[in-house]
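Asks: here is a sequence with its predicted model. Questions after.
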Amino acid sequence: MAYYSKYTVLNQLFTDRLVPLFYHSDVEVSKKIIAACYHGGSRLLEFTNRGDFAVEQFSELSKYVLNELPGMILGVGSLTDAASASAYIMRGANFIVTPTLKKDIAKVCNRRKIPWMAGCGSLTEINKAEEYGADIIKLFPGTTLGPSFVKAILGPQPWSCLMPTGGVSTDKENLNLWFESGVVCVGLGSKLIVDQWVRDKEFQKITEAVQKTLATIREIQPQ
């Protein structure tokens, strides 16, 4: 079950304003990636459900984080059905991220007081996700929607909490565009956890990139 309460997770999200996300098939490499993000200052991380036996790997990662990285909040993304969400929650997922709007996942998460971020691409979907209890809306794909979409949504719905994934980079200009548009946080994958760095086992570069990105976000959006 989740170690952190829904409100602790959401408070950390509004503090960090950054959710690093990744998947790797090797559990030992995954541990090093998580540790690199942790030492860079991140206290949130999304492990994406993309490979065979990913749920078993997550179980080991969840135990590792609890024992070795105090304060790190581990969640799961790319979930498309309630059974998978339940399996990850039973293995310690503290939040759930979906690429699409799934009512069955909403029910599972709401019952267990697990924050979930619904993937949406239209105002209608955002409205429906909020009716289902989504606290954060994942804008996906961010590359297609863009900051102008955020401004358009927040016109009639200024209460919506939006998080783009895809189309976000670590440079200040790009981050500034997104945060100026009104997003509450951003999801960053391969632009932050660069594949070549992982292949070369240059995990310190991930730590440095996380540090720099968090500093940039705090400069743009001071607490």
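Replies: Yep, it's here.
Asks: can you give me the offset of the lengthiest helix in the chain from its chain's centre?
Replies: Determined from DSSP state H, the single longest helix within the chain is helix 203-220. Distance of helix 203-220 from the chain centroid (Cα atoms, centre = their mean, to the nearest Å) equals 16 Å.
Asks: any idea of the mean pLDDT in that helix?
Replies: If you average the pLDDT over helix 203-220, you get 98.
Asks: buried residues in it, which are they?
Replies: By neighbour count, with 16 or more other Cβ atoms under 10 Å as the criterion, the buried positions of helix 203-220 are 203, 205-207, 209-210, 212-214, 216-217. From N, CA and C alone the C-beta is placed, and that goes for glycine too.
Asks: closest one to residue 60 out of the residues you listed, please.
Replies: residue 203 (18.2 Å; Cβ to Cβ).
Asks: is it true that that closest one touches residue 197?
Replies: Yes - counting by Cβ atoms under 8 Å, residue 203 does reach residue 197; the two are 7.2 Å apart.
Asks: just checking, residue 18 touches residue 184?
Replies: No - the pair residue 18 and residue 184 does not pass the contact test of Cβ under 8 Å, sitting 10.9 Å apart.
Asks: between these two, which has more neighbouring residues?
Replies: Using other Cβ atoms under 10 Å, the more surrounded residue of residue 18 and residue 184 is residue 18, with 28 against 17.
Asks: list the contacts of the more buried one.
Replies: Going by Cβ atoms under 8 Å, 6 or more residues apart in numbering, residue 18 touches 42, 44, 185-186, 188, 210, 213-214, 217.
Asks: what pairs with it across the strands?
Replies: For residue 18, the beta-bridge partners under DSSP bridges are residue 186.
Asks: tell me the spacing between it and residue 149.
Replies: 20 Å (Cβ to Cβ, to the nearest Å).
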